[in-house]
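Student: sequence first, predicted model second:
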Amino acid sequence: MLKNILLGLAAIVVVLIVVIALQPASFRISRSATMAAPPAVVFAQVNDFHKWAAWNPWQKLDPAAKNTYSGAAVGEGASFAWDGNSEVGAGRMTIIESRPNDLIRVQLEFLRPMEATSTAEFTFRPSGAQTAVTWSMSGDNTFVGKAFSLFVDTDQMVGGQFEKGLADLRSVVETTAKN
């Protein structure tokens with residue numbers, strides 16, 4: 001009897017491992033919003049980590065997080081590190097590419113609650129007097145990431161934060177553009 005239970009549990013574990021291993025090897029999460037501001041105004045908010053506190057949803061989850069800025073003041077080479085509560089964890093962001101009014105690419109290094117590396121991108125497309133902004137994140141799915149995605153819809157979770165951030169960014173840049 002015990003032998004059958006152990007064999008059954010082993011079979012379940014093997015099936016679970018196979019199901020996890022068959023999950024996609026990479027991920028991409030993306031959200032877009034149109035803002036009544038020129039690309040230069042939107043770009044300036046994203047290209048300077050010091051300005052992110054006004055719209056970055058994760059900074060609002062832990063206003064007491066320890067934040068450190070290093071490298072260039074803005075643009076390529078600028079770096080922002082955080083160490084916060086369990087909702088935001090710890091990590092570092094570095095702007096690795098900055099093309100004025102077009103693209104900002106950020107390397108994300110998550111240290112806690114689990115180690116991972118991803119790439120975030122912001123694209124800015126003029127549309128008349130407005131700017132279409134797309135915020136995306138992509139990376140490789142580790143085995144742990146694949147297992148996590150079986151139980152949590154990461155696109156909905158992270159995408160929801162992107163939507164909040166883009167809404168707050170819209171508010172900031174539209175106010176700035178009016179002034």
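Tutor: Now that the structure is in, tell me what you want to look at. Because the structure is a prediction, the values reported are computed rather than measured.
Student: alpha carbons only for contacts and neighbour counts from here, please
Tutor: Noted.
Student: what pLDDT is listed against A116?
Tutor: On pLDDT, A116 comes in at 88.
Student: ok, F148 next?
Tutor: 73.
Student: just give me the residue closest to the centre of this protein.
Tutor: Geometric centre of the chain, nearest residue: M137, 5.3 Å, by Cα atoms, centre = their mean.
Student: distance of the closest residue to it other than its chain neighbours from V18?
Tutor: With sequence-adjacent residues excluded and distances taken as Cα to Cα, 6 or more residues apart in numbering, M137 is closest to A120, at 4.2 Å. In this view, A120 and V18 are 29 Å apart by Cα to Cα, to the nearest Å.
Student: quick one: F143 and V18 touch, right?
Tutor: No. Using Cα atoms under 8 Å, F143 is not in contact with V18, being 10.7 Å away.
Student: the two: which is more packed in?
Tutor: Using other Cα atoms under 10 Å, the more surrounded residue of F143 and V18 is F143, with 15 against 11.
Student: what pLDDT does the residue nearest to M137 get?
Tutor: For A120, pLDDT reads 97.
Student: give me the below-cutoff pLDDT ranges for this protein.
Tutor: Within the chain, no range satisfies pLDDT under 70.
Student: and stretch 9-25, how far out from the chain's middle?
Tutor: How far stretch 9-25 lies from its chain's middle: 27 Å, per Cα atoms, centre = their mean, to the nearest Å.
Student: what of stretch 38-57?
Tutor: Taking Cα atoms, centre = their mean, one finds stretch 38-57 lying 15 Å from the centre of the chain it belongs to.
Student: contacts only, for the nearest residue to A177 once chain neighbours are set aside.
Tutor: Nearest non-adjacent residue to A177, counting by Cα to Cα, 6+ apart: A37, 5.5 Å away. If a contact means Cα atoms under 8 Å, 6 or more residues apart in numbering, then A37 has 129-131, 173-174, 177 as its contacts.
Student: and these as CSV, adding secondary structure and neighbour count?
Tutor: Output for these, formatted as CSV (DSSP: H, G, I helix; E, B strand; the rest coil; neighbours: other Cα atoms under 10 Å):
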residue, secondary structure, neighbour count
A129, coil, 10
Q130, strand, 17
T131, strand, 24
V173, helix, 23
E174, helix, 18
A177, helix, 14
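Student: which one of the residues you listed is nearest Q23?
Tutor: Using Cα to Cα, the shortest approach to Q23 within the contacts of A37 belongs to T131, at 35.2 Å.
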